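Student: need a structure here:
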Amino acid sequence: MTLTEKNNRLKKYAAIASVFLACLLIILKLAAFFKTDSLAVFSSLVDSLTDLFASAVSFAAIYFATKPASQSHRYGYGKSEALSALLQAVFVAASGVFVIFDGIKRVIHPVEITQTSLGIWIMLFSIFATALLVSYQSYVAKKTNSLAIKADMAHYTVDFLTNSSVVISLFMIHFFGFVYFDILTALFISCYLLYNAYQLAKESIEQITDKELGTEIREQIKDIVKSSKGIHGMHDFRTRSLGDIYYFEFHIELDGTISLSKAHELTEGVEQKILEVYPNSQILIHQDPLGVRENRLDYMLDGACKLD
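Tutor: Below you'll find the model as predicted:
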């Protein structure tokens, strides 16, 4: 089994686990809300509804993203993950705004909260189950660098923190009768939802618009090229990511007197070195004779990268 196939399997397992947990938590939180009438529990319920939507979208996106390239989509369907994350961000932001307005309504027309002990036990179970899922998603995200799984993990990380806040809120109401703490907790959750939505939108838009990979990765690739024998220069270096795949594209400058076979051998050597560091990457290298001046992209941006 190839690395890509292993990553795709991990992503699908993580997506299925998040859908299952979201359904379970919705049922439990719905029961807790009907028993307690707590706004904090309600806001957490709304968050779980957004999680179910987000997890379902992530699952669909992963299904399309892992499909092989076709004649109509020769680069594959990797951007499905970024599109799903952007859609999730919009939905999460709308949910956060909804909870804020409901919190304001509760300030104007307070509602008595009952059966807080039941709510506490259900939320404690939610915290435990969410912690297990986030741990697994973190493992999968590190292995696959999947934006869809990262988006899902962000949702459930917020859940873990907000559910903890809900428990504190119910505890304060149950033992001290501090009803407005419930409203404050709900507003805190809403702010987290809005911040999370912003981060998701930002990262997904960056991937959709083919933002360059980080400086550390770019410098690492330059160092690999620089350390390769027979390579005298490098220019027009471009990078991007598509799902969990990195794309590297650049020109190398070679001695113009060497044979085509030798040029191919040197290029293959550079590719193999990069694949050792980033095995799940696509590499496109163009060979130029040393000394030839072109209308280079680097000259239009920040200057060519000379290696010797």
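
Student: need the helices for the stretch 1-150 of the chain, in chain order.
Tutor: In the stretch 1-150 of the chain, the helices defined using DSSP state H, counting those that start in this stretch lie at 3-36, 39-65, 80-108, 116-144, 147-176.

Student: so N196 makes contact with H155?
Tutor: Yes: the pair N196 / H155 is scored as a contact, 7.1 Å apart, by CB atoms under 8 Å. Backbone N, C-alpha and C define where each C-beta goes, glycine included.

Student: a markdown table for the helices of the stretch 1-150 of the chain, including distance to S259 and mean neighbour count?
Tutor: Compiled in a markdown table, the helices of the stretch 1-150 of the chain are given as follows (distance: least, CB to CB, whole Å; neighbours: other CB atoms under 10 Å):
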| stretch | distance to S259 | mean neighbour count |
| --- | --- | --- |
| helix 3-36 | 33 | 18 |
| helix 39-65 | 41 | 24 |
| helix 80-108 | 42 | 19 |
| helix 116-144 | 40 | 19 |
| helix 147-176 | 43 | 23 |
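
Student: would you list those helices in a markdown table and tack on distance to L260?
Tutor: As requested, the helices of the stretch 1-150 of the chain are arranged in a markdown table below (distance: least, CB to CB, whole Å):
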| stretch | distance to L260 |
| --- | --- |
| helix 3-36 | 31 |
| helix 39-65 | 37 |
| helix 80-108 | 38 |
| helix 116-144 | 38 |
| helix 147-176 | 39 |
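
Student: right, so of these, which gets closest to H264?
Tutor: Proximity of the helices of the stretch 1-150 of the chain to H264 was assessed by CB to CB; the nearest stretch is helix 3-36, lying at 24.9 Å.

Student: S164 is in contact with L124, isn't it?
Tutor: No: here S164 lies out of contact with L124, judged by CB under 8 Å, at a distance of 9.4 Å.

Student: could the helices of the stretch 1-150 of the chain go into TSV alongside mean pLDDT and distance to D288?
Tutor: TSV is the format used below for these (pLDDT from 0 to 100; distance: least, CB to CB, whole Å):
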stretch	mean pLDDT	distance to D288
helix 3-36	85	31
helix 39-65	80	34
helix 80-108	78	33
helix 116-144	82	35
helix 147-176	74	34
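
Student: between the ones you listed, which gets nearest to N280?
Tutor: Closest approach to N280 among the helices of the stretch 1-150 of the chain is made by helix 3-36 (5.4 Å; CB to CB).

Student: Let me see the domain layout of this structure.
Tutor: The chain is divided into the following domains under automatic domain parsing: 3-208, 215-306.

Student: Quick check: end-to-end length of stretch 171-181?
Tutor: Start-to-end span of stretch 171-181 (CA to CA, to the nearest Å) is 10 Å.

Student: and E219, how many residues sit next to it?
Tutor: 10 (other CB atoms under 10 Å).

Student: Secondary structure element holding F248?
Tutor: strand 245-254 (DSSP states H and E).

Student: That strand: which residues count as buried?
Tutor: If you call a residue buried by 16 or more other CB atoms under 10 Å, then strand 245-254 has these buried ones: 245-248, 250-254.

Student: Y278: which of the residues you listed is nearest?
Tutor: Y246 (5.4 Å).

Student: Would you mind measuring from the closest residue to the closest one other than its chain neighbours to E271?
Tutor: For Y246, the nearest residue in space outside its immediate sequence neighbours is S281; the separation is 4.2 Å by CB to CB, 6 or more residues apart in numbering. Plainly put, S281 is 9 Å away from E271 if you go by CB to CB, to the nearest Å.

Student: before we move on, what about S44?
Tutor: Per CB to CB, S44 is found 49 Å from E271.

Student: is L242 in a bridge, and if so with what?
Tutor: L242 forms beta bridges with I245, as assigned by DSSP bridges.

Student: ok, now how distant is D236 from P289?
Tutor: Applying CB to CB, one obtains 15 Å for the distance of D236 from P289.

Student: and these two? which has more neighbours close in?
Tutor: Under the neighbour definition other CB under 10 Å, D236 and P289 were set side by side, and D236 has more, 19 against 13.

Student: hang on, the more buried one packs against F248?
Tutor: No: because the distance of 11.5 Å does not satisfy CB under 8 Å, D236 is recorded as not touching F248.

Student: Find me the pLDDT at P68, would you?
Tutor: According to the predicted model, the pLDDT of P68 comes to 82.

Student: Many thanks, have a good one.
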